[in-house]
Structure formats: structure tokens, C-alpha cells
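Engineer: when you get a sec, could you give me coordinates for this:
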Amino acid sequence: MAAVAKSKHENHLHDTEARWFAVYTKFKCEKVVWQNLQKKGIESYLPLQTVTRRYTRKVKTHHIPLISCYIFVKVSKADYVRVLETDHVLEYVKIGRNLIAIPEREIDVLRRVVGEGMVTEIEPTRYQVGDRVEIIAGQLTGLKGKLVETENGKRMVVQLETLGQDMYMKVAPELLNKAA
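Structural biologist: Residues are numbered from 1 along each chain as shown. Model (predicted):
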């Protein structure tokens, strides 16, 4: 007789503690799903990126999902089925048959990538020319460089040393942090 291997089924869904999970949605229905979940009182997050498109007669700005067909929900067991009952929700994202929770820090990384929650009060003397800085939001998150110039405290010119070349770019101070 052949031995039957037991598959280890993992489920991070908790009875009372709400945790983040990813959910598949129908194509181009992410915003509708997000609105429907908000109406149900279910905490959800849809990371949106701003894209400017130039057409022959106009320039238009669109807010599109950072990850197509995904939305993130923070639920406990009580809300698990309510999410699945939402129009245009297909299923929870699973690894194999396992329902794996997404750590809060990874949701925070997504927020930083799209530049959410970056409104901060900037002290005029917070940065000085020569400081090592790190970009903490936007598409260049994680890049480090040296502050070479400030423009009225509204823009910082940062020298990024990448690929053996120096690149200079203007960055808003709220997108910077002092690097260690």
C-alpha cells in the first residue's frame, strides 16, 4: 500500500483579530469592489497610482490600481464570507490551498510606493546640504543619495549615485528621510 501524504493546510484567518488579505477581483472592477466593501463597513485598501496620459487634443490624469485585479481587505473570520459575497469579488488570494495573511508592514510599503500618507510638517532646518537622504515614497522608494541643494525648502536636489553615474533630481522634502 502506498502511504498517503498529508497536506498541511494553513489558514491565517483569526476569530477576533482582523488581518490583511489579498482578494482577486474581476478585471477593471477594483474601484467598484472597494466602494462596495466600504459600504459594508469592511476595511479595505486599494493602492492607486496616478498616471498622466497625453492625447492629441488633451492631457488626462487617471488613477489606476497599482496591482491589477487585486484589493486588500482587513478581516477576521466574521467578515470572510461577506467579502466573498461582494459583487465582482472572485476569491481570496491563496498560496496553494493556504490562506496567508499579509503583514501590516507590507501594506505600509504599498502606501509608501504610491505616496499615501506623506503629508508631514517640514521643518526648514530639517535637512542640510551634504546630508545622506533616502527617498521614502513614489516609484524611487528606497534610493539613497546626498542632498546637494535646497530650493526655498519646497524642493530638494538629490544626487543619486547609481550605475556608476551621478543623477541629480528634484524631490519634495516630504518624500525624503535622513539615511543612516
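
Engineer: can you give me phi and psi for the residue nearest in space to the middle of the chain?
Structural biologist: What sits nearest the mean C-alpha location of the chain, by Cα atoms, centre = their mean, is L110, with 1.6 Å. The phi and psi values for L110, taken as degrees, to the nearest 10, are phi -60, psi -40.

Engineer: that one reaches L66, doesn't it?
Structural biologist: Yes. Contact criterion Cβ atoms under 8 Å: L110 and L66 qualify, at 6.8 Å. C-beta here means a position set from N, CA and C on the backbone, and glycine is covered the same way.

Engineer: shared neighbours of those two, anything?
Structural biologist: Counting by Cβ atoms under 8 Å, 6 or more residues apart in numbering, the contacts common to L110 and L66 are P47.

Engineer: just to revisit the earlier point, and the closest residue to the residue nearest to the centre of the chain other than its chain neighbours, what is it in contact with?
Structural biologist: Spatial nearest neighbour of L110, chain neighbours left out: P47 (4.6 Å); criterion: Cβ to Cβ, 6 or more residues apart in numbering. By Cβ under 8 Å, 6+ apart, the residues touching P47 are 65-67, 72, 110-111, 113-114, 116.

Engineer: now A18
Structural biologist: Counting by Cβ under 8 Å, 6+ apart, A18 has contacts 43, 74-76, 79.

Engineer: could you do Y168 as well?
Structural biologist: With Cβ under 8 Å, 6+ apart, Y168 has these contacts: 148, 157-160.

Engineer: helix or strand for the residue found closest to I102 once you drop the neighbours it is linked to in the chain, which one?
Structural biologist: Of all residues not flanking I102 in the chain, W20 sits nearest, at 4.2 Å (Cβ to Cβ, 6+ apart). Element membership for W20, per DSSP states H and E: strand 19-25.

Engineer: for that strand, buried residues please.
Structural biologist: Going by neighbour count (16 or more other Cβ atoms under 10 Å), the buried part of strand 19-25 is 19-23, 25.
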